[in-house]
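In: Need a 3D model of the sequence below.
(2 chains)
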Amino acid sequence: MMARKFGWLTIVALMALALTAGMAAAQTTLNGAGATFPYPVYAQWAAAYAKQTGVKLNYQAIGSGGGIAQIKAKTVDFGASDAPLTKKELDEIGLIQWPMIMGGVVPVLNVPGMAPGQIKLTPSLLADMFLGKVTKWNDPQVAKANPGVRLPNLAITIVHRSDGSGTTWIFTNYLDKVSPAWHAKVGTDKAVAWPAGVGGKGNQGVAAYVQRIKGSLGYVEYAYCLQNKMTFAKLQNSAGNFVDPTSETFQAAAANADWKNAPGFYLVLTDQPGAKSWPITGASFILFYKDQANMAKAKAVLSFWAWCYAHGQKMAEDLDYVPMPQAVVDLVEASWSSQLHAGGQAVWK
Amino acid sequence: MEVTTAGRSRGAAIAEVVAFPGRMMRRRSHTRAQALAETTFHGTALTCAVLVLVSMTAIFVELVRNSRLSLAKFGWGFLTSAAWNPVTSDFGAASSIFGTLVSTAIALLIAVPLSLAIALFLVEMAHPRIARPVGSAIELLAAIPSIIYGMWGLFVLAPYMADHVQPLLQKFFGKLPLFAGPPMGIGMLSAGLVLALMVLPFITAVVRDIFALVPSVMKEAGYGMGATTWEVTRKVTLRHGMRGVLGGVFLGLGRAIGETMAVTFVIGNDHRIAASLFASGNTISSTLANEFTEASQPLYLSALVELGLILFVITFLIQIAAQLWLKHISHRLGTDK
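Out: Take a look at the predicted model:
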């Protein structure tokens, strides 16, 4: 059995190696690897960009952890991660990062008879449910947050991700911020020791489990919630308002974010201030070496991302992502000018 | 006279070739070209055989090497600890080992009796017109990719279990901790069922062929002594084919213990040891499938590789146990050759 698995891994690794080696020969192909969450929009951008310029993007959606590992090993031109690296981590490897696209993580549930947005959850209630402290949908605490709603006597089954994931990182980061008990017991990571529930593989796996299990409560990327027409819960934000997950509330969270004072763009968009902000919003990041070996290649990579910032908003919105505001784009491009070098020369002017 | 002698000796030579083809072959292989071919063939075959051992050893060494971080940090405690916390980098294999063994045991408990019954039916009772299509259908089950079993398990079996089977089990045996907890349809029991279905064709195919090989003279002798079909089956067919049956069972066990995708779909992927068969759990291979890609810390990765090492050792131990048991059984049944 192990022989089979390792054989398979080796074949995949060899294929990836052959692929990257072959691609490196072609000058006009950009290689990247990492987060799966922004993959649909990156693919869309790449297709449109290739049509216009002939420059191709080869993006391997292998997960944020994989993206970080690949950029460290220098097998790709850029890495991509849903969880930002801290300034210290970036400096150790010699990387810079910038936010490329934003999206929201949404609690979804399966309680018979409930319409999307009918159930309201407070931050502490959400945390207590995921901690396994609140175990029934008709718990007095749930009833208190939902006056007038007839709640069934149904066990809550938590559904979480079984694989390591940037989505989990954003979600647990939020719970960690709003619940001292969560902070003490579980913490933030791409995979954690879940106190309760079952694990589904990928956003699709969680969506499938939530639709299967009566009384379940899980979390997925917004796009999956829309595609599967799932029942989401309203969440109470830091201003005390209950909000629906929509592009509007994601943008509200992003607009209030203080990117200017975030060293190395280390900023997590969970629990942002603002009357309309969706509390579990996150950005996906691109990782890039400060010191580039090949000026032409470095320029080609940056040109692609600059084009995406300038022309990619509509495509992103169509796919239910939130584009970065212009003010943030200006900051990012300023950081490219000041920090990126190839052979002692600035790459971006 | 001479003609007859010559004729007789030629006749004797032909008779010798017919009776002892090997002897003539051996004599002919004395030519140099054939000796070379023989040596080359022998060498190639030996190399291939040794290659299997070498790659087995290499895999083992590589697994140990890549899990040394985890081996050094957790030691033997890794086997008994049920912790699995990537945040605090505290890992243990107990829940994965437990899940692997329990799901495999459920699968075999269901699949082995069923396979035996199917094989006996096909060989002893069914008319060839029925036996052939049924046999092919069972072999076809083996050709279905495991991911299809997984999806079927999640989208068809799990809802059915949740709505019908598990409530029924709880109605009758609800007091037992084995069937406690909310009927989700996803968990150890469903995983065992899917695995049972997956190993069934392997065991059935092997056992059927073994039963078909039992000399009909022996069976006829049984019937001639007035034995019923059941008696002949139990005392002649099963007894004669015991070795092969066990071989089939271990083939199924080997498949069940390392199955990955189908289990990952339905087991619930939770690092927990629960008494209830309705609760979610995980297996070694499902944990690897889930967590390998995002395990970026060295210790995390090392712990995952150590899980692989444990699976390797478990499979190895089971093989040894199987061989020993086989020896013991065939000795006792008197079919030792």
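
In: which one is the closest residue to chain B within the stretch 151-300 of chain A nearest to, not counting chain neighbours?
Out: Closest contact between the stretch 151-300 of chain A and chain B, by CB to the nearest CB, is at residue A:164 (2.4 Å). No exception for glycine: its C-beta is placed from N, CA and C like everyone else's. Setting aside the residues directly before and after it, residue A:164 is nearest to residue B:294 in space (CB to CB, 6 or more residues apart in numbering or on different chains), at 2.4 Å.

In: quick one: contacts for residue B:265?
Out: Listed by CB atoms under 8 Å, 6 or more residues apart in numbering or on different chains, the contact set of residue B:265 reads A:201, A:205, B:147, B:150, B:151, B:153, B:154, B:194.

In: circling back to that earlier point, any idea which element the residue nearest to residue A:164 lies in?
Out: Of the helices and strands defined by DSSP states H and E, none includes residue B:294.

In: what's it sitting at in phi/psi?
Out: The phi/psi pair for residue B:294 (degrees, to the nearest 10) reads phi -100, psi 10.

In: Do I have it right that it meets residue A:68?
Out: No - Residue B:294 lies out of contact with residue A:68 (CB atoms under 8 Å); the separation is 9.7 Å.

In: and the two? which has more neighbours close in?
Out: Applying other CB atoms under 10 Å in any protein chain shown to residue B:294 and residue A:68 shows that residue B:294 carries more neighbours, namely 27 against 24.

In: Please read off the pLDDT at that one from the model.
Out: Looking at residue B:294, its pLDDT stands at 78.

In: next one: the one 10 residues further on
Out: Model confidence at residue B:304, expressed as pLDDT, equals 95.

In: Which secondary structure state does residue A:109 sit in?
Out: strand (DSSP: H, G, I helix; E, B strand; the rest coil).

In: Actually, residue A:103.
Out: Secondary structure assignment for residue A:103 (three-state DSSP): strand.

In: Who are the contact partners of the residue nearest to it when sequence neighbours are not counted?
Out: Take residue A:103 and drop its neighbours on the chain: the residue closest to it by CB to CB, 6+ apart is residue A:321, 5.2 Å away. The contact partners of residue A:321, taken as CB under 8 Å, 6+ apart, are A:38, A:41, A:101, A:102, A:103, A:223.

In: Could you export these as CSV, including distance to residue A:306?
Out: Below are the contacts of residue A:321 laid out as CSV (distance: CB to CB, whole Å):
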residue, distance to residue A:306
A:38, 17
A:41, 16
A:101, 14
A:102, 18
A:103, 21
A:223, 25
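
In: of those residues, closest to chain B?
Out: Closest to chain B, out of all of those and judged by CB to the nearest CB, is residue A:38, at 15.7 Å.

In: where do the helices sit along the stretch 51-200 of chain B?
Out: Using DSSP state H, counting those that start in this stretch, the helices of the stretch 51-200 of chain B run over B:68-74, B:77-80, B:94-120, B:128-143, B:146-152, B:158-160, B:166-173, B:188-213.

In: if I look at residue A:168, how far off is residue B:292?
Out: Using CB to CB, to the nearest Å, we find residue A:168 at a distance of 16 Å from residue B:292.

In: more crowded one of those two?
Out: Shown here are residue A:168 and residue B:292; by other CB under 10 Å, residue A:168 has more neighbours (26 against 21).

In: Derive a PyMOL selection command for the buried subset of the contacts of residue B:265.
Out: Entered in PyMOL, the line below selects the buried ones among these, by 16 or more other CB atoms under 10 Å in any protein chain shown:
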select buried, (chain A and resi 201+205) or (chain B and resi 150+151+153+154+194)
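
In: nearest to residue B:74, of the contacts of residue B:265?
Out: Nearest to residue B:74 among those, counting by CB to CB, is residue A:201 at 25.8 Å.

In: So which residue is smack in the middle of chain A?
Out: Geometric centre of chain A, nearest residue: residue A:82, 4.2 Å, by CA atoms, centre = their mean.

In: my guess is that one contacts residue A:285, does it?
Out: Yes - contact criterion CB under 8 Å: residue A:82 and residue A:285 qualify, at 7.3 Å.

In: and the residue nearest to residue A:164, what does it touch?
Out: Neighbour list for residue B:294: A:63, A:64, A:65, A:66, A:163, A:164, A:165, A:190, A:191 [criterion: CB under 8 Å, 6+ apart].

In: Give the full set of residues in contact with the first one.
Out: Yep, that's residue A:63 we're talking about. Residue A:63 sits next to A:34, A:35, A:36, A:163, A:164, A:165, A:166, B:293, B:294 when contact means CB under 8 Å, 6+ apart.

In: With the fourth one instead?
Out: When the contact criterion is CB under 8 Å, 6+ apart, the partners of residue A:66 are A:33, A:34, A:60, B:293, B:294, B:296.

In: rerun that using 7 Å as the cut-off
Out: A:33, A:34, B:293 (CB atoms under 7 Å, 6 or more residues apart in numbering or on different chains).

In: pretty sure the second one contacts residue A:69?
Out: No - using CB atoms under 7 Å, residue A:34 makes no contact with residue A:69, being 9.3 Å away.

In: Tally up the residues packed near residue A:319, please.
Out: The tally of other residues near residue A:319 (other CB under 10 Å) stands at 16.

In: just checking, it touches residue A:42?
Out: No - under the criterion of CB under 7 Å, residue A:319 is not in contact with residue A:42, lying 10.3 Å apart.

In: Distance-wise, check the residue nearest to the spatial centre of chain B relative to residue B:204.
Out: Of all residues in chain B, the one closest to the mean position by CA atoms, centre = their mean is residue B:251, 2.2 Å from it. Relative to residue B:204, residue B:251 is positioned 11 Å away (CB to CB).

In: Show me which residues of chain A are close to chain B?
Out: A:1-3, A:6, A:62-66, A:68-69, A:155, A:157, A:162-165, A:186-187, A:189-194, A:197-199, A:201, A:208-209, A:212-213 (CB under 7 Å from any CB of the partner chain).

In: Can you select the buried ones among these for me in PyMOL?
Out: The PyMOL selection below is limited to those of the residues of chain A next to chain B classed as buried (16+ other CB under 10 Å):
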select buried, chain A and resi 1+2+6+62+63+64+65+66+68+69+155+157+162+163+164+165+186+187+189+190+191+192+193+194+197+198+199+201+208+209+212+213
